[in-house]
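>>> Need a 3D model of the following:
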Amino acid sequence: VAWHLAIGMDRMAAPRIAASVHLLIAAASLAAVDGGSARAVAWRSHVSLARPSPPRSGHAACADAEGRVWLFGGYCEDAGTAEREPTNDLWCLEEGEWTLVHGPTTDSSRPGPRLCSAFAPAPSGRELLLFGGWDPRPAGSGGSFHQDVWSLSLPEGDGAPVWTQLDAPMPRGPTSRHVACAVGSELLVHTFRCTSAVLRWDREKRALVEQPTSGETPPSLGLHAAAGVGDSLVVFGGADKSGEMSRDAYVLDTHTWTWNRVPIDGACPSARAGACAAALDSERMVLFGGAERAPGGAGLVPRDDAWVLHVPCDGSRPPHWEALDVAGPAPPARNAASLTASTTRDGKLLVLHGGWHPFVRTFDDTHILEME
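You can find the predicted model right below:
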């Protein structure tokens, strides 16, 4: 694998160079090697058009059955003033090109501006579901937290997607800094309240319901990363209400609804929050970035490292971490980015977008990990 650097062109202002896009290309297979790491071979150039604007972090992203990546909302930063505001725009990445589908709006028929929501495809395949989130306005107020659930229908052909607010809100009240994943034939949501159950999408009720769980349950954390790996939900890291960060990963078997903590045996990611993750295949999850506490606990330090968590589905050995060794420079360190797994006719892609270097910069770049 290798990160692929591309220079993007803004269609509205060509030939002005507008964005940098990185693609991580698998020129060799990513193999699990005990005690070793997966290596990249080369950087390659690529040309791409447009990108979501303004720069943002804390947005929500997921892919549909056709491999299109959908990106909603987030915390946008004004390039001139550096002031940040939440947005509710909707973008789509299809065949390598970003397109603005819905601009920012105050129309109540669409979700309001927010960040730290969760977005995932419904098992039906023609619908994406958005859960909760946080609107920090007005400044200094603590903002408002949401428990609403929205459906984004995906019509076939050239029709426009349509937002619909569903009747049933999220159980247990308003929620942000949570995760949602497609896991096998299920859609699961995990929040800081999920200490004895996860939230499972019920197709007939068209609502989230509580699914009791057992085993070594994750503690109450937010800003954690998650992915559906085969028939398992994997969650990593995050922070509790005191700001204490975790480096633990947990695997939920959706056949038994039992949690198991991943043993820390050898190298593993540092304790961090705001990392992003996506499934590479039915046995591996890729984790990128996040932010850890600065030495002495003052401030945050963003990360640019990438890891693979192996989750053998046959139980031949416990889940274990492997550092992903990428040739050439990685995308700049960041947290609160999105990493989305997309399957297209060109193969499996992992799409990284946006994010935040705490109190320094908000990103508008896109990076793609393209696997053979």
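
>>> what residue ranges in this structure score low on pLDDT?
1-48, 327-328, 370-372 (pLDDT under 70).

>>> Surely residue 310 touches residue 281?
No: the criterion here is CB atoms under 8 Å, and residue 310 misses it with residue 281 at 10.3 Å. Every C-beta, even on glycine, is put in place using the N, C-alpha and C of the backbone.

>>> More neighbours: which of these two?
The neighbour comparison of residue 310 against residue 281 (other CB atoms under 10 Å) goes to residue 310, with 18 against 12.

>>> contacting residues around the more buried one?
By CB atoms under 8 Å, 6 or more residues apart in numbering, the contact list for residue 310 reads 32, 283-284, 319-322.

>>> Of the residues you listed, which is the nearest to residue 250?
Taking CB to CB as the measure, residue 250 lies nearest residue 319 of these, at 9.6 Å.

>>> what sits against that closest one?
234, 249, 251, 260, 262-263, 309-312.

>>> rerun at 6 Å
With contact taken as CB atoms under 6 Å, 6 or more residues apart in numbering, residue 319 is in contact with 251, 262, 311.

>>> Give me the neighbour count for the last one.
Per other CB under 10 Å, the neighbour tally for residue 311 reads 21.

>>> Identify the residues contacting it.
229, 232, 251, 283, 319.

>>> and if you look at residue 225?
236-237, 275-277.

>>> which non-adjacent residue is nearest residue 236?
Ranked by CB to CB, 6 or more residues apart in numbering and with sequence neighbours excluded, the top spatial neighbour of residue 236 is residue 249, at 4.3 Å.

>>> close enough to count as contact, that neighbour and residue 261?
No: Residue 249 lies out of contact with residue 261 (CB atoms under 6 Å); the separation is 7.4 Å.

>>> can you give me the strands for the stretch 201-350 of the chain?
Applying DSSP state E, counting those that start in this stretch to the stretch 201-350 of the chain gives strands spanning 207-212, 214-215, 225-229, 232-236, 249-253, 258-261, 276-281, 284-288, 291-293, 300-302, 306-310, 320-325, 338-344, 347-357.

>>> Just the C-alphas of the third one, formatted as CSV.
Put plainly, it is strand 225-229. Taking Å, rounded to 0.1, in the frame of the first residue of the first chain, the C-alpha atoms of strand 225-229 are listed here in CSV:
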residue,chain,number,x,y,z
ALA,A,225,-13.8,5.1,16.6
ALA,A,226,-15.7,2.1,15.3
ALA,A,227,-16.2,-0.2,12.3
GLY,A,228,-18.2,-3.3,11.4
VAL,A,229,-15.7,-6.1,10.7
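
>>> Report the strands that pair with that strand, each with its relative direction.
Using DSSP bridges, the strands paired with strand 225-229 in its sheet are strand 232-236 (antiparallel).

>>> in the strand it pairs with, what counts as buried?
Across strand 232-236, burial judged by 16 or more other CB atoms under 10 Å covers 232-236.

>>> before we move on, the earlier item: indicate which one of the strands of the stretch 201-350 of the chain is closest to residue 192.
strand 232-236 (11.2 Å).

>>> on that earlier part again, out of the strands of the stretch 201-350 of the chain, which is closest to residue 68?
strand 338-344 (7.4 Å).

>>> What lies in contact with that closest one?
When contacts are defined by CB under 6 Å, 6+ apart, strand 338-344 is touched by residues 59, 61, 63, 67, 69, 276-279, 288, 349-353.

>>> quick one on the thing from earlier: export the contacts of residue 311 as TSV, with columns for distance to residue 331.
Shown next, in TSV, are those (distance: CB to CB, whole Å):
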residue	distance to residue 331
229	23
232	27
251	27
283	25
319	26
